[in-house]
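K.L.:
pasting the structure only:
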């Protein structure tokens, strides 16, 4: 994780190189006048002897911006920056507003570095339920924070947009409003999202979906975290064009998603043919996965992100296996 370590002052770097288990760490948090904090999903550690000062945080910001925060003003308004390697740096502090809109983020005193990782080989057992008769099924991925929604979207983008034995990659369009799926830096994805995948980075989802349909003629459109009614309307419009939509939404169950005004009509109109419901993950325990059909009927379920199904229904035998895709 040299992209992260190099951002810190030398006194921090010694600790980060020698005492951090990078295989598990998910976040590194800095708060002015408080200890450096390292989180691995199951626990958090406040590092004794390392108190973050305003100067320390300014050092990290200068490294991220190459001593020119001004050129990152648009990103600062969103409250996060993406750095080399696809890692995301969340920021908080004093906000200056103009009317009801954020003008700039100043006096940054809180920082959260979220560690990005490539996760491979975790979608093969889902594919028979998401692909049939030569086309992908429009799918909504439901899960709470840290359940792996964005990671799954990225893995699906990579798989769908690349050639495999017996399968020719589709044209995939990713609308990555918050730079989380492809983690683009100056327009170039830092994480692998497929050889036939095009990315619209930093664009509002509703506008980006229509732009990608008009300009890139995708077979599959992938978008992260649909929220308000505008996003839902754009998903509906995209489905009317014949493009298959794969998106994610915050929630714990399909019933919970139905209660959200923005998503209720999408569920009732059966815009999606499949729902993938994820449980929260931790380093000690990979979350469960359940697949539902368009009416909410359970098709299959797993405990853990691997190829061992513990609760497959009879519908599994009717699906196309990966090696036939």
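P.N.:
Ah, there it is. What you are looking at is a predicted structure, and each value in this text was computed from that prediction instead of being measured.

K.L.:
how many other residues sit next to residue 228?
P.N.:
Using other Cβ atoms under 10 Å, the number of residues around residue 228 comes to 13. (C-beta placed from N, C-alpha, C; glycine too.)

K.L.:
try residue 24
P.N.:
Using other Cβ under 10 Å, residue 24 has 16 neighbouring residues.

K.L.:
Ok, residue 33 next?
P.N.:
9.

K.L.:
Repeat that for residue 10.
P.N.:
7.

K.L.:
What average pLDDT does stretch 2-19 get?
P.N.:
Average pLDDT, stretch 2-19: 88.

K.L.:
The one helix or strand residue 174 maps to: partners in the sheet, and parallel or antiparallel?
P.N.:
Using DSSP states H and E, residue 174 sits within strand 172-176. Here strand 172-176 has these sheet partners by DSSP bridges: strand 197-201 (parallel), strand 220-223 (parallel).

K.L.:
Residues in contact with the helix or strand following the first one: which ones?
P.N.:
By that I understand strand 197-201. Following strand 197-201 in sequence order, the next helix or strand is helix 205-216 (DSSP H and E). The contact list for helix 205-216, computed with Cβ atoms under 8 Å, 6 or more residues apart in numbering, reads 171, 173, 175, 177, 198, 200, 203, 218, 221, 223-227, 230-231, 233-235, 237-238, 241, 243.

K.L.:
Equivalent analysis for stretch 152-168, please.
P.N.:
Contacts of stretch 152-168 (Cβ under 8 Å, 6+ apart): 119-120, 122-123, 127, 130, 136, 141, 169-172, 174, 181-182, 191-197, 220, 222, 224, 246-248, 276, 278, 323-325.

K.L.:
Which parts of stretch 208-215 count as buried, going by neighbours?
P.N.:
208, 209, 212, 213 (16 or more other Cβ atoms under 10 Å).

K.L.:
In a markdown table: these, plus distance to residue 45.
P.N.:
Formatted as a markdown table, the buried residues of stretch 208-215 follow (distance: Cβ to Cβ, whole Å):
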| residue | distance to residue 45 |
| --- | --- |
| 208 | 38 |
| 209 | 41 |
| 212 | 42 |
| 213 | 46 |
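
K.L.:
tell me the two of these that are most distant?
P.N.:
Greatest spatial distance among the buried residues of stretch 208-215 (Cβ to Cβ): 208 and 213, at 9.6 Å.

K.L.:
Can you list the low-confidence ranges for the stretch 101-250 of the chain?
P.N.:
Applying pLDDT under 70 to the stretch 101-250 of the chain picks out residues 102-103, 118-122.

K.L.:
mind listing the strands for it?
P.N.:
Under the criterion DSSP state E, counting those that start in this stretch, strands of the stretch 101-250 of the chain are mapped to 101-114, 131-132, 135-136, 139-143, 172-176, 184-185, 188-189, 197-201, 220-223, 244-250.

K.L.:
distance of the residue lying closest to residue 40 once chain neighbours are set aside from residue 33?
P.N.:
Sequence neighbours aside, residue 24 is the residue nearest to residue 40 in space, at 4.1 Å (criterion: Cβ to Cβ, 6 or more residues apart in numbering). As judged by Cβ to Cβ, to the nearest Å, residue 24 and residue 33 stand 27 Å apart.

K.L.:
likewise residue 55?
P.N.:
12 Å.

K.L.:
where along the stretch 1-150 of the chain do the helices fall?
P.N.:
Along the stretch 1-150 of the chain, the segments classed as helices by DSSP state H, counting those that start in this stretch run 2-5, 10-19, 54-65, 73-78, 127-130, 149-160.

K.L.:
Pick the most deeply packed of these.
P.N.:
helix 149-160 (a mean of 24; mean count of other Cβ atoms under 10 Å).

K.L.:
Give the helix, strand or coil label for residue 270.
P.N.:
coil (DSSP: H, G, I helix; E, B strand; the rest coil).
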